[in-house]
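K.L.:
pasted the sequence and its predicted model underneath.
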Amino acid sequence: MRLTFAPRGILQIDDAIIMFKNFSGKGDMYNREGDRKFALRITDQRIADELMEQGWNVRVKDPRTPDEDPLIYLDVKVKMNARGPVVYLESGNAVNKLDEHTIGCLDRISIGSVDLDIRPYDWELPNGKRGRSAYLQSMRVVQRVDDRFAARYSDEDPDQVPWD
């Protein structure tokens, strides 16, 4: 994972690892119906410390066994509206811009790589409690294609496939 602190507090992350995907907004015991989100896995303690110093709500789960490292991650909200986010899915040679109706497919695919930008939203409650939420601004997802036929024909024009 490579992280760049860009202007206006935006985080630019290349080679990200995402987990706990819920791009469809499906309700379950961990998520309210309609809340689209995922978690950005943070594997470098120095990056986690710097994000926490800047007010990001980095979460740390204790290891389940003594030989494991703690699980460090940042919850990222996905708010589909006129301002974004802009999400592109690369699958073979095809590139598709996803919208609120198609972004849920990211929950079911095998992901090869992710580059993304996250914007901060600083909030304060009337009781004085403050925080910083992470919102997806843009993302490029490359699908891992493990199907031997998909890999073979991804370079072919579908109208020109040679049938031997």
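P.N.:
Cool, got the structure. This structure is a prediction, so every number in the text was calculated from the model and none was measured.
K.L.:
show me what contacts Arg59?
P.N.:
By C-beta atoms under 8 Å, 6 or more residues apart in numbering, the residues touching Arg59 are Ala39, Ile72, Tyr73, Leu74, Asp75. (Glycine included, C-beta is placed from N, CA and C.)
K.L.:
what sits against the residue nearest the centre of the chain?
P.N.:
In the chain, the centroid-proximal residue (C-alpha atoms, centre = their mean) is Ile18; its distance is 5.0 Å. When contacts are counted by C-beta under 8 Å, 6+ apart, Ile18 touches Phe38, Ala39, Leu40, Arg41, Val76, Ile111, Val114, Leu116.
K.L.:
so it sits in a strand?
P.N.:
Yes - secondary structure of Ile18 (DSSP: H, G, I helix; E, B strand; the rest coil): part of a strand.
K.L.:
helix/strand/coil for the residue lying closest to Trp123 once chain neighbours are set aside?
P.N.:
Leaving out its chain neighbours, the residue that sits closest to Trp123 by C-beta to C-beta, 6 or more residues apart in numbering is Gly131, at 5.7 Å. State at Gly131, reduced to three classes by three-state DSSP: strand.
K.L.:
how near is Gly131 to Asp117?
P.N.:
20 Å (C-beta to C-beta, to the nearest Å).
K.L.:
more neighbours: which of those two?
P.N.:
Asp117 (19 against 12; other C-beta atoms under 10 Å).
K.L.:
for that one, name its beta-bridge partners.
P.N.:
Beta-bridge pairing of Asp117 under DSSP bridges involves Gln12, Ser138.
K.L.:
now do the contacts for it.
P.N.:
Ala6, Ile10, Leu11, Gln12, Ile13, Leu136, Gln137, Ser138, Met139.
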